[in-house]
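Compute the structure for the input listed below.
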Amino acid sequence: MVLTRHLISVPIESADQVTGWKFQLWNWTKLGGFGVDLFFVLSGFLITRILLENQNSPRLFRAFYLRRCCRILPLYFSLLVGVFLLRHFIHADPLRRLLFENQYSWANYITFTQNFVMAAGATTGGLALAVTWSLAVEEQFYLGLPCIIRFVPARYLPWLFASGIPWALLVRFHWNDWRSRVWLPGHADSLLAGCLLAWICLQPGALAWLQRQGRGLTTSLVILGVGIFFINQMPEYYVWITDTWMTLFFGVLVLIAVSQHNHPITKFLELRWLGFLGMISYGVYLLHFPVNGIVFWLLHKTTPVINNTGDLAVTLLGLALSLALATLSWFFFEKRWVKLGHQAKY
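Sure, this is the predicted structure:
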């Protein structure tokens with residue numbers, strides 16, 4: 001979803017004219033950015049489940065943070081080094097502006113505080129590191145969640161998690177600007193909805209009950225899916241509602257995936273190629289923007305734009321190269337760090 005937004009929808013918006021097949025392609029891909037909300041729901045669900053299952057472990061914090069560091073930091077810091085080197089080798093002005101314009105202090109990227117300065121500057125900066133705002137949100141989420149799981153009494157956890165939905169709505173209503181887009185509070189509903197779902201699924205008998213609710217879950221997903229069409233037609237002023245609506249949609253999707261083993265959606269999500277894409281998705285996410293920009297410049301001497309089918313072909317080439325690099329990164333670099341991190345046992 002995110003790739004279609006970044007590699008197709010955004011370049012079409014820069015086209016000379018957005019009509020005909022370009023408009024149809026843009027119209028189908030413009031909502032892809034909400035894939036980040038799905039990522040936050042999944043992250044809240046998976047991380048909370050791990051923490052709840054190991055809640056009383058004396059090594060909870062050590063194992064959790066060592067595993068997270070080994071999964072996230074090696075590739076991320078490699079990207080920072082790569083961008084630092086690229087800045088000294090890329091001198092063509094349009095490409096240099098595309099990748100590095102308005103780039104913030106290295107200290108912000110190293111400490112995962114870039115989303116604060118991005119909010120203040122009302123831009124994510126050059127494309128080379130633009131997507132890292134969501135990584136900063138994720139890291140800030142990691143700082144607090146283990147403490148909540150460990151020290152907050154279990155009976156209060158569902159109420160605490162559920163409070164995130166109205167809180168995030170209020171934040172986005174009050175700050176209907178870049179602060180709500182890249183700050184942690186603006187995405188609290190997605191993250192904490194995932195936490196709440198994890199808590200629910202771990203309650204005695206909950207999964208068995210959910211397995212009997214297949215028809216209700218499917219109906220809810222359809223209603224929420226139809227609602228996406230209507231909510232997308234709302235004026236820009238009401239955009240603060242959209243993220244929460246998408247969170248509810250993705251939350252139901254997650255419940256179907258974990259409880260309805262014979263559901264068509266679950267069968268689709270179990271396809272091997274999707275599993276492979278999930279495995280390399282971190283590398284794809286970090287690399288696709290700069291790779292696509294460099295490919296466009298090398299072949300067309302332009303920044304990414306889709307004016308014709310030739311531009312679309314270059315985009316697909318950039319996507320293929322991103323997938324290839326992410327695959328190499330996983331098998332020869334990331335996987336080894338993940339294996340090292342898993343030596344830290346709960």
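
Now for the closest residue to residue 68 other than its chain neighbours: which residues touch it?
Excluding its sequence neighbours, the residue lying closest to residue 68 (CB to CB, 6 or more residues apart in numbering) is residue 142, at 5.9 Å. To be clear about C-beta, it is placed using only N, CA and C from the backbone, and glycine gets the same treatment. Contacts for residue 142 (CB atoms under 8 Å, 6 or more residues apart in numbering) come out as 47, 65, 68.

Got the phi and psi for the closest residue to residue 214 other than its chain neighbours?
Distances taken as CB to CB, 6+ apart put residue 260 closest to residue 214, at 5.0 Å, once the chain neighbours are dropped. Main-chain dihedrals, residue 260, degrees, to the nearest 10: phi -110, psi 80.

Okay, strands next: where are they in the stretch 51-200 of the chain?
Applying DSSP state E, counting those that start in this stretch to the stretch 51-200 of the chain gives no strands.

So, low pLDDT: which residues of it?
Applying pLDDT under 70 to the stretch 51-200 of the chain flags no residue at all.

are any of the contacts of residue 142 buried, and which?
Buried members of the contacts of residue 142, scored by 16 or more other CB atoms under 10 Å, are 47, 68.

Give me the subset of the contacts of residue 142 lying in helices.
47, 65, 68 (DSSP state H).

Distance to residue 34 for these - can I get that in a markdown table?
Output for those, formatted as a markdown table (distance: CB to CB, whole Å):
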| residue | distance to residue 34 |
| --- | --- |
| 47 | 20 |
| 65 | 29 |
| 68 | 25 |
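
so which of those would you say is closest to residue 184?
Residue 184 has its nearest neighbour among the ones in helices among the contacts of residue 142 in residue 47, at 14.2 Å by CB to CB.

Now do the contacts for the nearest residue to the closest one once chain neighbours are set aside.
Among residues not flanking residue 47 along the chain, residue 145 sits closest, at 6.4 Å (CB to CB, 6+ apart). Residue 145 sits next to 47, 48, 51, 195 when contact means CB under 8 Å, 6+ apart.

which of these tops the neighbour count?
Highest neighbour count within these, by other CB atoms under 10 Å: residue 195, with 29 neighbours.

That residue contacts residue 159, doesn't it?
No: look at residue 195 against residue 159 with CB atoms under 8 Å: they stay out of range, at 11.7 Å.

The residue nearest to residue 47 and residue 225, how far apart?
Using CB to CB, to the nearest Å, we find residue 145 at a distance of 29 Å from residue 225.

and what of residue 50?
With CB to CB as the criterion, residue 50 and residue 225 are 29 Å apart.

higher neighbour count, the two?
residue 50 (18 against 12).

Ramachandran coordinates for the most centrally placed residue in the chain?
With distances taken as CA atoms, centre = their mean, the residue of the chain nearest its centroid is residue 36 (3.2 Å). Dihedral angles of residue 36 (phi, psi; degrees, to the nearest 10) stand at phi -60, psi -40.

so how far is residue 158 from the residue nearest to residue 47?
Residue 145 is 14 Å from residue 158, by CB to CB.

next one: residue 212
Counting by CB to CB - residue 212 and residue 158 are separated by 21 Å.

what's the answer for residue 309, then?
51 Å.

Those two - which one has more neighbours?
residue 158 (14 against 10).

and that one, what does it touch?
Counting by CB under 8 Å, 6+ apart, residue 158 has contacts 196, 199, 200.

And for residue 191?
Neighbours of residue 191 in contact, by CB under 8 Å, 6+ apart: 40, 41, 43, 44, 141, 164, 184.

Most neighbours of all these, which one?
Among the contacts of residue 191, residue 44 has more neighbours than the rest - 30 neighbours, counting by other CB under 10 Å.

Please give the element, helix or strand, for that residue.
helix 35-53 (DSSP states H and E).

Now do that helix: distance to the chain's middle.
Offset of helix 35-53 from its chain centre (CA atoms, centre = their mean, to the nearest Å): 11 Å.

ok, residue 6 to residue 168 distance?
Taking CB to CB, one finds residue 6 at 23 Å from residue 168.

ok, those two, which is more surrounded?
A count of neighbours by other CB under 10 Å puts residue 168 above the other of residue 6 and residue 168, at 26 against 23.

shouldn't that one be in contact with residue 185?
Yes: applying CB under 8 Å, one finds residue 168 in contact with residue 185, separated by 6.5 Å.

where exactly do the strands run in the stretch 201-346 of the chain?
Using DSSP E, counting those that start in this stretch, strands in the stretch 201-346 of the chain do not occur.

now the helices: where do they sit in it?
With DSSP state H, counting those that start in this stretch, the ranges of helices along the stretch 201-346 of the chain come out as 206-211, 214-231, 239-259, 264-269, 272-300, 309-329, 335-341.

hmm, who's touching the fourth one?
So that's helix 264-269. 221, 253, 256, 257, 260, 274.

Next, give me the two most distant ones among those residues.
Top of the distance list for the contacts of helix 264-269 (CB to CB): 221 and 274, 18.0 Å.

Which one's more surrounded, the two?
Ranked by neighbour count (other CB under 10 Å), residue 221 and residue 274 place residue 221 first, with 20 against 12.

Okay, that one and residue 31: tell me how far apart.
In terms of CB to CB, residue 221 sits 16 Å off from residue 31.

in stretch 141-150, what counts as buried?
Neighbour-count burial for stretch 141-150 [16+ other CB under 10 Å]: 141, 142, 145, 146, 148, 149.
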